[in-house]
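**Q** I'll drop the sequence and a predicted model, then ask my questions.
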Amino acid sequence: MSLSTPTLDTARLVLRPFVDTDADSLFALQSNAEVLRYWDSPPWSSPSQATHFLDGCRKMAEEGTGARLAITRQTDGLFLGWCTFNSWNPAFRSASLGYCLAKEAWGSGYAAESGRAVLQWAFDTLDLNRVQGETDTRNIASARVLEKLGFLREGELREDCIVDGEVSDSWIYGLLRRDWTG
């Protein structure tokens, strides 16, 4: 079962399916060590990784497991990052939410704005009961985004990730349909 990747408009953003011409912007984002500081994988080292990511976006939609959306600014189309709705399981009525934004977009409310749009689409379109989010315990800004969206911290995964030899813990957040306020 495929899942059509939507185009979503917010007050300041357009969230849209990725296109091949996003590869350079995507590589610039994902190769930035500061942006990926709390990520579960190291920064990209090759532009071919962007092509692989874009192929994964198409495959995710075709398999019906989720949707990855490029986040662009309404005013000028500037690529700001991406938001993902993945691990969709219709039987469990659950999925996960994630996001990655360029440093220049930090502190502007874009992560919460894009997350809210994706969640609204998902709750309106799919018969969801639960959405999960995860963040490195050192990434307080990401934790705040999830909390602004109504997620509750449910637990901690100790030594969840090892990236370039650095061990880190992750917080698990959950948002239930009955708690979604849009």
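**A** Received, thanks.

**Q** hey, where'd the strands end up in this structure?
**A** With DSSP state E as the criterion, the chain has strands at 8-9, 13-17, 67-73, 79-89, 94-101, 130-136, 152-163, 166-176.

**Q** so which of those strands comes closest to residue 24?
**A** strand 79-89 (9.0 Å; C-beta to C-beta). From N, CA and C alone the C-beta is placed, and that goes for glycine too.

**Q** what angle do strand 94-101 and that closest one make with each other?
**A** Inter-element angle recorded for strand 79-89 and strand 94-101: 170 degrees (by axes from the mean of the first three to the mean of the last three C-alpha atoms, to 10 degrees).

**Q** and strand 79-89, how far from the chain's centre?
**A** 4 Å (C-alpha atoms, centre = their mean, to the nearest Å).

**Q** and it, what's its mean pLDDT?
**A** Throughout strand 79-89, pLDDT has a mean value of 94.

**Q** against which helices or strands is it packed?
**A** Applying 3 or more C-beta pairs under 8 Å, 6 or more residues apart in numbering; DSSP states H and E, one finds that strand 79-89 contacts helix 23-30, strand 67-73, strand 94-101, helix 110-125.

**Q** among the strands of the chain, show me which one is buried the most.
**A** strand 67-73 (a mean of 23; mean count of other C-beta atoms under 10 Å).

**Q** reformat the strands of the chain as CSV; add distance to residue 44.
**A** Below are these laid out as CSV (distance: least, C-beta to C-beta, whole Å):
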stretch, distance to residue 44
strand 8-9, 26
strand 13-17, 21
strand 67-73, 15
strand 79-89, 13
strand 94-101, 12
strand 130-136, 18
strand 152-163, 13
strand 166-176, 17
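
**Q** of all these, which one is nearest residue 123?
**A** strand 130-136 (8.2 Å).

**Q** which residues sit against the closest one?
**A** 38-40, 87, 92-98, 119, 122, 142-143, 146, 149, 151, 157, 161, 168-177 (C-beta atoms under 8 Å, 6 or more residues apart in numbering).

**Q** what sits against the spatially closest residue to residue 14 that is not a sequence neighbour?
**A** Closest residue to residue 14 apart from its sequence neighbours, by C-beta to C-beta, 6 or more residues apart in numbering: residue 72 at 5.0 Å. Residues in contact with residue 72 (C-beta under 8 Å, 6+ apart) are 13-16, 78-80.

**Q** just to revisit the earlier point, quick one: closest of the strands of the chain to residue 27.
**A** Ranking the strands of the chain by their distance to residue 27 (criterion: C-beta to C-beta) puts strand 79-89 first, at 10.9 Å.

**Q** ok, residue 24 - how many residues close by?
**A** 11 (other C-beta atoms under 10 Å).
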